[in-house]
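A.B. asks: Got a predicted model here, sequence first, then my questions.
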Amino acid sequence: MLPSSHKWFTEPCMEAGVAASWTIEKHLAREVTDYQTIDIYQTSHWGNLMVIDGFVMLTARDNFLYHEMLTHPALFSHESPARVVVIGGGDCGTLREVLAHRNVRHCTQVEIDEQVTRLSEKFFPELCERNDDKRAELVFDDGLAYVRNLPPGSVDVIIVDSTDPIGPAEGLFGPDFVADCFAALSDGGIMVQQSESPLIHQKLIAGVRGNMQQAGFETIRTLGFPQPCYPSGWWSATQARKGGSLEPADPARFEASGITTRYFNPGVHAGALATQIP
């Protein structure tokens, strides 16, 4: 049992009537930027913890679940994902997983707040180990404008690794942005958007899927996965394909890739596609 004097960080989820807490050993950093307030804590059991405007973004212990499921299902569904854009994702974990794929020739990460990346480089260096890869491009700018200005058909996969749909990320959940993603994708291209909790945010997921359908995407699937640090412990990523289907990873292709994962594999991918999420 922890001593009563132990400090806690608690994130309430008022809409679900629950809260999650972590025991804190040290407050490592705080940055107040033009966009948000970023805090880094050292926890007793979950490694370092990043909090933005009071909401948990990631912990060192369980972020692999999110980063692997946001990236690998799409990249293994696409026949040859050479050109990838990550919108958000300033902690660089998604970028790291994308660049594990040898057939990716270039990946641009567009994060509006540079301090998210600089703090990640310091306190989550394991997520930033591919930042210096010659295929990586870090852009600190508005993701909405970046996608709007992409040449039509110039990208194979767009991954929207955003915070909750408030503040700087609100526009990333709007229909105009999704339509811009559709235009920027090549034929057979795939868009992926983190889409919150299937237990709590059904209305948001329905809105994400509706925006994708309205934009013209042919196939739309929402994949669920465990994520202990987020409200309800169950999270989702919604995929949409511009022509063609979304199939689980081929076991032979996964094996040949040489990619090491901690959660994702072809069986997990097939199971996530088989689960019915509204």
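C.D. replies: Sure thing, it's come through.
A.B. asks: Going along the chain, name the helices of the stretch 151-278 of the chain.
C.D. replies: 175-184, 202-215, 251-257, 266-274 (DSSP state H, counting those that start in this stretch).
A.B. asks: repeat for the stretch 1-150 of the chain
C.D. replies: 63-77, 93-98, 114-123, 143-148.
A.B. asks: What is the burial count for the closest residue to residue 111 other than its chain neighbours?
C.D. replies: Distances taken as C-beta to C-beta, 6 or more residues apart in numbering place residue 90 nearest to residue 111, at 3.7 Å, with adjacent residues excluded. C-beta: built from backbone N, CA, C; applies to glycine. When neighbours are counted by other C-beta atoms under 10 Å, residue 90 registers 29.
A.B. asks: go on, the one 5 residues further on?
C.D. replies: Counted by other C-beta under 10 Å, the residues lying close to residue 95 total 32.
A.B. asks: just to revisit the earlier point, contacting residues for the residue nearest to residue 111?
C.D. replies: 109, 111, 113, 114, 116, 117, 120 (C-beta atoms under 8 Å, 6 or more residues apart in numbering).
A.B. asks: roughly how far apart are it and residue 33?
C.D. replies: 11 Å (C-beta to C-beta, to the nearest Å).
A.B. asks: Return every residue with contacts to both of those two.
C.D. replies: Contacts common to residue 90 and residue 33, judged by C-beta under 8 Å, 6+ apart, are residue 113.
A.B. asks: quick revisit: relative to residue 226, which of the helices of the stretch 151-278 of the chain is closest?
C.D. replies: Closest to residue 226 of the helices of the stretch 151-278 of the chain, according to C-beta to C-beta: helix 266-274, at 10.4 Å.
A.B. asks: who touches that closest one?
C.D. replies: 69, 72-73, 76, 221, 223-225, 246-251, 254.
A.B. asks: Return the closest of those with respect to residue 178.
C.D. replies: Distance to residue 178, by C-beta to C-beta, is smallest for residue 221 among these, at 15.2 Å.
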